[in-house]
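Novice: sequence first, then the predicted structure:
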Amino acid sequence: MPNLKNLTKHSKAFTMLELVFVIVVIGILAALALPRIDRDLRQEAGDNILSAIRYTQHLALNDDKTDPFDLQWQKELWQIQFSTTTSTGYLFYVIGSDVDHSGGATGSLQKIETAIDPFNGKYFYHLNTDPEIQDGESPNLLIGKKYGVSAVTQSGGCSNQKIAFDHIGRPYDGVGTLTNKYESYMQSDCNLTFTFLDGSDDLVISIAKETGYAYIVGQEDS
């Protein structure tokens, strides 16, 4: 039978120094974690929208829609469109290509005309009558509800809710009414100004003319 006195004598416990060290380490980890817990919705919204614009251009670079025998071929350019839900006013975007020149992804061509979100395999499609994301739709597109984005204002080289890109990345404005003219790409940089319900500073995303390079103003390396 073991000697209880000897067992107690040789048992080890944390020293005061060790306890202080553990507390310090926990404090450091907590300090690093707190900024991540406090979400920066403005930055998250900017990253989401910027990613969507660049993805639209990526699709266009890999899909040459040019057809000189079709007077409305520019309607088929890959495009991102901003709109709001009719009942709640949530801002959202959709990404697609108007294959049948009908003005949007509808009917039997809905899935053919709509881009697929590479992060979740769902469609960048949403009806403006729906205040919530429906089955099969990407949850990333309802930026009004997700980040509190209230509106978008366009200036510079863009004035239409649709922004499109061609096969060499050039941005176009108002592709829904364009005809077979190659000089219809943007002549000046496009600025998209997003406002927020909570009064956060406006978020401005700029799309450079001719190259279509998109970035968050103030974060040119974003």
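Specialist: Okay, I see it.

Novice: how far does stretch 210-217 stretch from one end to the other?
Specialist: 18 Å (Cα to Cα, to the nearest Å).

Novice: neighbouring contacts of that stretch?
Specialist: 46, 50, 53-54, 57, 165, 169-171, 185-186, 191, 203-208, 221-222 (Cβ atoms under 8 Å, 6 or more residues apart in numbering). In this view, the C-beta of every residue, glycine as well, is placed from N, C-alpha and C.

Novice: now the helices for the protein?
Specialist: 4-10, 16-37, 41-61, 110-113, 143-147 (DSSP state H).

Novice: gap between Ile205 and Gln110?
Specialist: Remark: distance between Ile205 and Gln110 (Cβ to Cβ, to the nearest Å) = 27 Å.

Novice: which of the two has more neighbours?
Specialist: The neighbour comparison of Ile205 against Gln110 (other Cβ atoms under 10 Å) goes to Ile205, with 21 against 14.

Novice: so the more buried one makes contact with Leu192?
Specialist: Yes. If you go by Cβ atoms under 8 Å, Ile205 and Leu192 touch, sitting 4.7 Å apart.

Novice: spit out the residues that contact those two alike.
Specialist: Ile49.

Novice: hmm, back to that, ranked by average pLDDT, which of the helices of the chain falls at the bottom?
Specialist: For the helices of the chain, mean pLDDT drops lowest on helix 4-10, to a mean of 51.

Novice: which residues touch Val149?
Specialist: 45, 91, 143, 194-197, 203.

Novice: list only buried entries from those residues.
Specialist: Applying 16 or more other Cβ atoms under 10 Å to those, the neighbour count classes 45, 91, 143, 194-196, 203 as buried.

Novice: where in this protein is pLDDT low?
Specialist: Applying pLDDT under 70 to the chain flags residues 1-14, 16-25, 27-39, 105-109, 177-183, 222.

Novice: coming back round to it: got TSV for the contacts of Val149, with distance to Ser102 too?
Specialist: Converted to TSV, the contacts of Val149 look like this (distance: Cβ to Cβ, whole Å):
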residue	distance to Ser102
Ala45	30
Leu91	23
Ile143	25
Phe194	28
Thr195	31
Phe196	33
Leu197	33
Leu203	32
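
Novice: one step back: report the buried members of the contacts of stretch 210-217.
Specialist: 46, 50, 53-54, 57, 165, 169-171, 185-186, 191, 203-208.

Novice: tell me which of those fall in strands.
Specialist: The strands, defined by DSSP state E, take in 165, 171, 191, 203-207 from the buried ones among the contacts of stretch 210-217.

Novice: and Gln74, how many neighbours?
Specialist: Residues contacting Gln74 under the criterion other Cβ under 10 Å number 27.

Novice: what spatial separation is found between it and Gly104?
Specialist: Distance, Gln74 to Gly104, using Cβ to Cβ: 15 Å.

Novice: now swap in Gly46 and tell me
Specialist: Taken as Cβ to Cβ, the span from Gly46 to Gly104 is 26 Å.
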